[in-house]
Structure formats: structure tokens, C-alpha cells
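Participant: need the 3D shape of this:
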Amino acid sequence: MDLSGESKQREEFRGILYDLARSQELLQDAYDRSNMYKRLEALYDAEPDGKRFRHFYTDIFSVLTQIRQNSDLGDINILGQNLDVIRNGYQPKNKAPDGERIVDVSDAIKKLYDHVNLDIARITYSDAADRQISGESSLENLQSQINSLQRELEKAHNRIKEDYDAAEKRIIEVDEKLNHSQKEYIAILGIFAAVVLAFTGGIAFSTSVLNNIAQARIYRTVFVSLVIGLVLINVLFGLFYYINFLVGRGGKLFPLILSNIVLIILLIMTVLTWNFGWVENRNNRIDGKSIESIRINKNAPIEKEKA
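Facilitator: Model (predicted):
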């Protein structure tokens, strides 16, 4: 087996395929078509006692694969179209070098056309399947990304909604506190005004009582003073206690209870003193002692003279 000759034939075969894949205009000129026919006849024809060249599937697949991967080498569809032109247009009319027979490689061209188109169809189908798988994979990835974005969007929407609800709740609470504080301020101002009025009124009333103390009996003066003190203490303590309640501080009632007990005891004692006339009795005793003392002082010089 002449391997070097076969290698040259295979190289020529691959060269023919590359040339047919470059351009559709290659076979439009009759001269170019004739040259391509002669190249194919020289490749496939052999002497009657020789062995004809048989192309290899590996060479066809290798050429198609390289053309598919590198667009500068041509296009496999153009290769198929040019082989179809050759198959339909080839007519055996050239004589062999011996001049005794007509070279006919129609069967070899038909097999070449069939084998090349079979591989083209297989590669095209494989590419379509790869694109479909790739498209499905890309679609799955895209769907996964869309689902992920939707989840992120839902989370962001929920966070925004929670923040909005919290802010709205906070605004409502602040508004309620402001309204409540405004009411408290008004109440405190009103209470302080009432304290001032009560204190001023109590002082004025006490002044009036003290100014007229000489015109009334001691019981009435003391009784009225104690009643005024009792009322003022309770009113002022109640107002200040309510202020402490508004500002959130508690108050003790013991001082109020103690002062009320003392004032009530004094009121009771005043009433008892008034009822039993203790002041009058005391005045009478004092007045009696004063008269007796004056009489003793008057009689003392007379007795001294008698002596």
C-alpha cells in the first residue's frame, strides 16, 4: 500500500472540499466548473488495473468541523450547494490519458455528495439540539434569576411595608403624645391659674378677717380663720396633687391628712371654748383679780395711817 500516495490524495480531497466551501460563485463560470470536474476525475479515476481512491468519513467530518468552527474557511451549507451543482452538472466527456476511454466518476461524486450532506445534516441537527439544550438551560437560568428577583422584590416590598407601617404607627403615637401633652399643658396652666386665684383669694379674705378682728368676737375670728385655712390647704393640695398626677409623679396624702386633723381638732376646741365660755370666764377671773388688786392697793395707806 502506497501510504504517501494515499496521503497526497487525502490532502487533495480536503483541499477540494475547502475550495467548494468558500464561495457560491466558484462554479458559476464554466471554466471554473470544468477545472473542478477535472480535479475530481484526477482524484477518483484510476487506470483499469489500478485502485480507485475512496474518500474517508474522518476527512469529511474533520473538514466540516473546522469550517463550522472557523467562518473564514467558508460555510458547510455552501459546500453542500456546490456539490449539488457538481452532481447535477457533471457529464463524462474527458478522455483518460491513454485516450482510449472516457473518464466517468459519477458514482464517486454521488457518494461524495451523499456522505457530505449526511454529515452536514448530522452537524446541523447536533447544533440545533445543542442550541435547544443551551436555550432550555438559558431559559431555566433566566427563570431562576426572575424567580430570585421576584423573591428579592417581595422581600424589599415587605420591608418597605413594615417600615412604612412602623413609621405610620410612630407618627400616630407622636401625634397622640403631642395632643396629650397639649392637653396636659393647658390643664397645668389652668391649675396654676386656679392656684394663684385660690391663694390670692385666701390671702385677701384672710386680710379682711384680720382687719375686722376687733369688731368680732374671738370665737368667730378663730373659727373663720380655721375654716379658711382648712379650705385653702385642701384646695391647694388637691391642685398640686393633680399636677403631680399629670407629670407622672405620685404624691403622699399624709401631710394633708395630718393638717386636716389638726385644723379639725382646733375647730372642735374653738366650738367647745365658745360653748363653755372659757374665754369669758378667763376674762372674768382676770378682771376680778384686777379689781381686788386695785382695792387692796387703795386700802393699804389707810391701815398704815391707823397703825
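Participant: pLDDT weak spots in the stretch 101-250 of the chain?
Facilitator: Counting by pLDDT under 70, the stretch 101-250 of the chain shows low-confidence ranges at 129-139, 183-184, 186-188, 190-191, 194-195, 197-199, 201-202, 205-206, 208-217, 246-250.
Participant: what about the helices in it?
Facilitator: Secondary structure of the stretch 101-250 of the chain by DSSP state H, counting those that start in this stretch: the helices cover 106-211, 218-246.
Participant: next helix or strand past the shortest one?
Facilitator: Toward the C-terminus, helix 218-246 is succeeded by helix 254-276 as the next helix or strand (DSSP states H and E).
Participant: got the angle for that next one vs helix 218-246?
Facilitator: 170 degrees (axes from the mean of the first three to the mean of the last three CA atoms, to 10 degrees).
Participant: buried residues of helix 254-276, list them for me.
Facilitator: Across helix 254-276, burial judged by 16 or more other CB atoms under 10 Å covers Leu256, Leu263, Leu266, Leu267, Thr270, Thr273, Trp274. The way it works is simple: take the backbone N, C-alpha and C, and place the C-beta from them, glycine included.
Participant: so what does it touch, helix or strand wise?
Facilitator: The contact analysis (3 or more CB pairs under 8 Å, 6 or more residues apart in numbering; DSSP states H and E) places helix 254-276 against helix 218-246.
Participant: swap the cut-off to 10 Å and go again
Facilitator: If contacts are counted by 3 or more CB pairs under 10 Å, 6 or more residues apart in numbering; DSSP states H and E, helix 254-276 sits against helix 218-246, helix 278-306.
Participant: and the average pLDDT for that helix is what?
Facilitator: On average, the pLDDT along helix 254-276 is 84.
Participant: winner for burial among the helices of the stretch 101-250 of the chain?
Facilitator: Highest mean neighbour count among the helices of the stretch 101-250 of the chain (mean count of other CB atoms under 10 Å): helix 218-246, with a mean of 16.
Participant: now that helix: how far from the chain's centre is it?
Facilitator: From the chain centre to the centre of helix 218-246 is a distance of 60 Å (CA atoms, centre = their mean, to the nearest Å).
Participant: next, the angle helix 106-211 makes with that helix.
Facilitator: Using the same axes, to 10 degrees: helix 218-246 against helix 106-211 is 170 degrees.
Participant: for helix 218-246, packing partners?
Facilitator: Using 3+ CB pairs under 10 Å, 6+ apart, helix 218-246 sits against helix 106-211, helix 254-276, helix 278-306.
Participant: let's see it at 6 Å
Facilitator: helix 106-211, helix 254-276 (3 or more CB pairs under 6 Å, 6 or more residues apart in numbering; DSSP states H and E).
Participant: reformat the ones you listed as CSV; add distance to Arg54.
Facilitator: Output for the helices and strands packed on helix 218-246, formatted as CSV (distance: least, CB to CB, whole Å):
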stretch, distance to Arg54
helix 106-211, 8
helix 254-276, 126
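Participant: nearest to Leu236, of those helices?
Facilitator: Leu236 lies closest to helix 106-211 among the helices and strands packed on helix 218-246, at 6.2 Å (CB to CB).
Participant: now that closest one, how far from the chain's geometric center?
Facilitator: Mean C-alpha position of helix 106-211 versus that of the full chain (CA atoms, centre = their mean) differs by 4 Å.
Participant: using TSV, lay out the helices of the stretch 101-250 of the chain together with distance to Leu20.
Facilitator: Listed next are the helices of the stretch 101-250 of the chain as TSV, based on distance: least, CB to CB, whole Å:
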stretch	distance to Leu20
helix 106-211	9
helix 218-246	104
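Participant: quick one: which of those helices is nearest Ile67?
Facilitator: helix 106-211 (9.6 Å).
Participant: packing partners for that closest one?
Facilitator: Using 3+ CB pairs under 6 Å, 6+ apart: helix 106-211 touches helix 57-69, helix 76-89, helix 218-246.
Participant: how about those in a markdown table, adding distance to Ser148?
Facilitator: A markdown table is the format used below for these (distance: least, CB to CB, whole Å):
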| stretch | distance to Ser148 |
| --- | --- |
| helix 57-69 | 35 |
| helix 76-89 | 40 |
| helix 218-246 | 56 |
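Participant: closest one to Tyr37 among those?
Facilitator: Between these, helix 76-89 lies closest to Tyr37; by CB to CB that is 7.3 Å.
Participant: the closest one vs helix 57-69, what angle?
Facilitator: Going by the same axes, to 10 degrees, helix 76-89 makes 130 degrees with helix 57-69.
Participant: what residues sit buried inside helix 76-89?
Facilitator: Quick answer for helix 76-89 (16+ other CB under 10 Å): Ile76, Ile78, Leu79, Gly80, Asn82, Leu83, Val85, Ile86.
Participant: all set, thanks.
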